[in-house]
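A.B. asks: Just a sequence and a predicted model for now, questions to come.
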Amino acid sequence: MILLKKRSLHLIIGLTLVLIIAGAVVVSYLWLPFAPDDTSGGRLAPPGGDHLLGTDKLGRDLFTQLLIGGRIALGTGLGAVAVGGVLGVTFGLLAGFATRWLDDAAAVTLDILIAFPTLLLAMLIVAGTGASLGTAILAIGLAMAAVVARLTRVLVKQVLSRDYITAARIAGVSWPRIVLSHVLPNIAPVVLVNLALQAGLAVLAEASLSYLGLGTPPPNASWGRMLYEAQATVLTSPVAALAPGIALVALVVGVNLTADGLRDLTDPTRRRTR
Amino acid sequence: MLHYLVRRTAILIGSLFLAAVALFVLLRLLPGDPANALLSVGATAEQIEAARRDLGTDGPLWSQFLSWLGDVFSLNLGKSLISTLPVGPEIIARLPVTVPLTLAAFVLAVLVAVPVGVLAAARADRWYGPVINAIAQLGIAVPAFWVGLLLITVFALNLQVLPAGGFPTDGWSDPVNASQSLVLPVVTVALVMSASLIRYVRTATLEVLGADYLRTARALGSSPRQAMWRHGLRNAAVPVVAVLAMELATTFLGAVVVESVFALPGLGSLLVRGISQHDYPIVQGVMLVSTATVLFVGFLGDVTQRLIDPRLRAS
Amino acid sequence: MTLLAVEGLTLRNTAGTTLVDDVSFTVSPGDRTGLIGESGSGKSLTALAVMGLLPPAITATGTVLLDGADMIRAPRGRGDVATVVFQEPLTALDPLMTVGRQIGGPLRRWQGLRGDAAKAAVREALSEVRLTDTDRIARSYPHQLSGGQRQRVAIAMALVCHPRLLIADEPTTALDVTVQAEILELLDRLVTERGTALLFITHDLPVAARVIHGTHVMRHGRIVESGPVAGLLSDPEHEYTRTLVEAARRFDAALENTRRE
């Protein structure tokens, strides 16, 4: 009983963090404290008064910027997972069914793709196409697809080696039917949990790209870019250097904890007795 | 084992070749033309045409690739489009920053993570087990550049005990000065790395702690500590070694970002500059060197794992 | 004097479920005692409690005195007084260490042997458990051996400690039927030669009958019946023991029928 409570504690904390941020982002589409380009507050105003967190060095309201950064962070997470999930699962399924040299080729190709760390791959694509949020999401999603494809391939191979698949084949069940009724349901929990973890990594990767000036271009306020801009004024305006970082960590911790909680719920074999 | 070495070396060479192809294709196809880079610095039409002839980008793609590959084998990575300096020496000039930064951060992360991870697993019932877990959980969610920013604020700006960034222009000729400028970057990368490493070490140790062979060793009279030293650590090392190779690659990547935070003249800042200026010989060169490093480290990790585990040698 | 005295042993997990309930029995030097019961009856946990090797999540009350040492509160005498041969030899042996080095561990600890003397003792220990080609086996890793060979190695490791009590926890369950008989014979011979006491744990009454004299039948964590094994086989008192005996007979009969066909 105690263990059960502890497990769902991960899920509760994780979901709470994610939902708070998601809620704030939803609200930001209906209402913002200030217009994003409103500089009437004066430069580097301290927190308090009209400006909850103060203003940045151009005089824009920090809290407004933070909310807009939340849109970008969530958008990156969801967008990259959509790209990486669809491409990765599709390719992984195909590779999982491949045999002999085609199977070897798929395995080696995926190994090589994974050898490119996400951020390097994303940088490479940005180098080719120029910095924009769409490019960043696409690049992170493509890098993620390799990881998801490798996982999917291994899982599909495991499922296909089971006796009930052989039994279904002997009974004359068609491959598409086997994929829909046996393969996908069996691999879905593990793949979904992995996608959740990947979403956290995607948010971090976008922040890093934006910090380096290779992600969301100004004036859009990505949390990574906000931190880059705050670095110069960290002594006069510490809130600007803290708030986006805290928001970023809260979102990623929330996503990770949710993934952990989901994994423990969906995969009973990973439950530990200690 | 020999059979495996041959096979794994073949895969390494194949991967390097494919990585080179991928780099070439991605960079040639996506930007289209070095004109992008030159236009941004206000070059004339003749200059762009001259640059094209110079780089051989007016020929067909496959011949461009072959000549580039030939250049790579003769260690000629081309010239920067912006500064027109050769890329190879430029990269080598950056190594005295990136290599010590990566290695020191990696070693520090391992030194921190292994004992802490083992402790978190072996003493899961004490108060510090869950505390270590929580900190590691937080640590994997923190971006390296933010850690760097916070460390700069505290140690360079407030306490003023270490430099906020930069690297001596005379490099390592004054080792104290040079090391001082690497302290905060190394700590930054190591902190972020050790968070994920702690989790791997902890999982591997938990796996081992529940293993039957430890129980056997204790039934034969070993103390828990003796059993852990004699049997546990090697067994836990097998999965951790595989992860270490990946982590070294990630450490390097962390260094790439952190170099920008601390304004260090390393490979990472060279890459970022190359990308933002569309200077693709630079990007290609740095990417090639880093990919080759990552692939080679992965090769070493796989081989080491097989040296430790006889079961993997057999298959 | 008794070698092992278990008195009112009760084991509970963290959820408060009672896994072993008020179990008492004794083993004297040279005894051959069985603990028989289906899986989940608490017999293997009892063995771990005797060795003081319970998982941390399980709390024990009652007393376990092994050669006078309190194995619940201050465990002592693992290896030299008592040791265990576990059910699954593949996981009970360290996968990364050669068999020779694994036997070398207890040899060094209990007999102070190193170097060539240790190597010779390893070979001797391996030939004692009827393994041939001892040099090759000493250099092998567990995964390179057959199940029967692995279990012989586990027995050799246990015996180089020269224990006065050997606990065999389902030592033949993971093995083929033909190998089972060989291992039982080996255990039987070795404990006879050395005068080692044997605590034999199994779910299989006929298997137990081949090596032990007296036995205790466990069910749901309790001892439900005790007595000489021959008596239990011919005239089981407790209903549960009867079902065990009948199941064994049915199995034997089925085996006979298939042989005839």
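C.D. replies: Thanks, I have it.
A.B. asks: so what's the backbone phi/psi at the one residue in the stretch 101-250 of chain C that gets nearest to chain A?
C.D. replies: Residue of the stretch 101-250 of chain C nearest chain A, by Cβ to the nearest Cβ: residue C:221 (17.9 Å). From N, CA and C alone the C-beta is placed, and that goes for glycine too. Phi and psi for residue C:221, reported as degrees, to the nearest 10, are phi 80, psi 0.
A.B. asks: thought it was touching residue C:13?
C.D. replies: No: contact criterion Cβ atoms under 8 Å: residue C:221 and residue C:13 do not qualify, at 11.4 Å.
A.B. asks: Give me the more crowded residue out of these two.
C.D. replies: residue C:221 (23 against 14; other Cβ atoms under 10 Å in any protein chain shown).
A.B. asks: And chain C, is stretch B:290-304 touching that?
C.D. replies: No: figure legend: stretch B:290-304 not in contact with chain C (Cβ under 8 Å from any Cβ of the partner chain); closest approach 13.1 Å.
A.B. asks: Is the spatially most central residue of chain B within a helix or a strand, and which one?
C.D. replies: Nearest to the mean C-alpha position of chain B, by Cα atoms, centre = their mean, lies residue B:252 at 2.2 Å. If you go by DSSP states H and E, residue B:252 is part of helix B:233-261.
A.B. asks: can that helix be found next to chain A?
C.D. replies: Yes: counting by Cβ under 8 Å from any Cβ, chain A is contacted by helix B:233-261 at B:249, B:250, B:253, B:256, B:257, B:260, B:261.
A.B. asks: Who wins on neighbours among those residues?
C.D. replies: The most crowded member of the residues of helix B:233-261 next to chain A, judged by other Cβ under 10 Å, is residue B:256 (29 neighbours).
A.B. asks: is it true that it touches residue B:270?
C.D. replies: No: assessed by Cβ under 8 Å, residue B:256 is found out of contact with residue B:270, at 9.4 Å.
A.B. asks: Longest helix in the chain, by number of residues?
C.D. replies: In the absence of a named chain, chain A is used. Identified as the longest helix of chain A according to DSSP state H is helix A:62-97.
A.B. asks: meant chain C actually
C.D. replies: Under DSSP H, chain C gives helix C:239-260 as its longest helix.
A.B. asks: May I see the buried residues of that one?
C.D. replies: C:240, C:241, C:244, C:245, C:248 (16 or more other Cβ atoms under 10 Å in any protein chain shown).
A.B. asks: Give the other helices and strands that that helix contacts.
C.D. replies: helix C:205-211, strand C:214-219, strand C:222-228, helix C:229-234 (3 or more Cβ pairs under 8 Å, 6 or more residues apart in numbering or on different chains; DSSP states H and E).
A.B. asks: and the ones you listed, which is most packed in?
C.D. replies: strand C:214-219 (a mean of 23; mean count of other Cβ atoms under 10 Å in any protein chain shown).
A.B. asks: ok, residue B:283 to chain C distance?
C.D. replies: 43 Å (Cβ to the nearest Cβ, to the nearest Å).
A.B. asks: Which neighbouring elements make contact with whatever helix or strand that residue lives in?
C.D. replies: Secondary structure assignment for residue B:283, by DSSP H and E: helix B:280-308. When contacts are defined as 3+ Cβ pairs under 8 Å, 6+ apart, helix B:280-308 sits against helix A:100-115, helix A:118-129, helix B:2-29, helix B:87-122, helix B:233-261, helix B:267-276, helix B:310-314.
A.B. asks: Let me know whether residue A:62 touches residue A:55 as I believe.
C.D. replies: Yes: if you go by Cβ under 8 Å, residue A:62 and residue A:55 touch, sitting 6.1 Å apart.
A.B. asks: Apart from its neighbours in sequence, what residue is nearest the residue nearest in space to the middle of chain A?
C.D. replies: By Cα atoms, centre = their mean, chain A has its centre lying nearest to residue A:199, at 1.5 Å. Leaving aside its sequence neighbours, residue A:199 sits nearest to residue A:77 (Cβ to Cβ, 6 or more residues apart in numbering or on different chains; 4.1 Å).
A.B. asks: before we move on, what about residue C:222?
C.D. replies: residue C:21 (4.9 Å).
A.B. asks: Mind telling me which residue of the stretch 51-200 of chain C is nearest chain A?
C.D. replies: For the stretch 51-200 of chain C, Cβ to the nearest Cβ, closest residue to chain A: residue C:57, 5.9 Å.
A.B. asks: so what's the residue in the stretch 101-250 of chain A positioned nearest to chain B scoring on pLDDT?
C.D. replies: Going by Cβ to the nearest Cβ, chain B is nearest to residue A:128 of the stretch 101-250 of chain A, at 2.4 Å. On the pLDDT scale, residue A:128 is placed at 71.
A.B. asks: and residue C:236, what is it in contact with?
C.D. replies: Residue C:236 sits next to C:225, C:242, C:244, C:245 when contact means Cβ atoms under 8 Å, 6 or more residues apart in numbering or on different chains.
A.B. asks: Equivalent analysis for residue A:52, please.
C.D. replies: So residue A:52 contacts A:33, A:61, A:62, A:63 (Cβ under 8 Å, 6+ apart).
A.B. asks: For those residues, please prepare TSV with the additional fields distance to chain C, neighbour count and pLDDT.
C.D. replies: Listed next are those as TSV, based on distance: Cβ to the nearest Cβ, whole Å; neighbours: other Cβ atoms under 10 Å in any protein chain shown; pLDDT from 0 to 100:
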residue	distance to chain C	neighbour count	pLDDT
A:33	50	15	81
A:61	52	25	85
A:62	48	28	86
A:63	46	21	89
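A.B. asks: which one of the residues you listed is nearest chain B?
C.D. replies: residue A:62 (15.9 Å).
A.B. asks: Near residue 241, how many other residues are there?
C.D. replies: Reading this off chain A. Neighbours of residue A:241 (other Cβ under 10 Å): 22.
A.B. asks: wait, I meant chain B there
C.D. replies: Considering only other Cβ under 10 Å, residue B:241 is surrounded by 20 other residues.
A.B. asks: Residue B:268 contacts residue B:256, doesn't it?
C.D. replies: Yes: counting by Cβ under 8 Å, residue B:256 is a contact partner of residue B:268 at 3.1 Å.
A.B. asks: pLDDT wise, what is the residue in the stretch 201-315 of chain B that chain C sits nearest to at?
C.D. replies: Closest contact between the stretch 201-315 of chain B and chain C, by Cβ to the nearest Cβ, is at residue B:221 (2.6 Å). pLDDT, residue B:221: 87.
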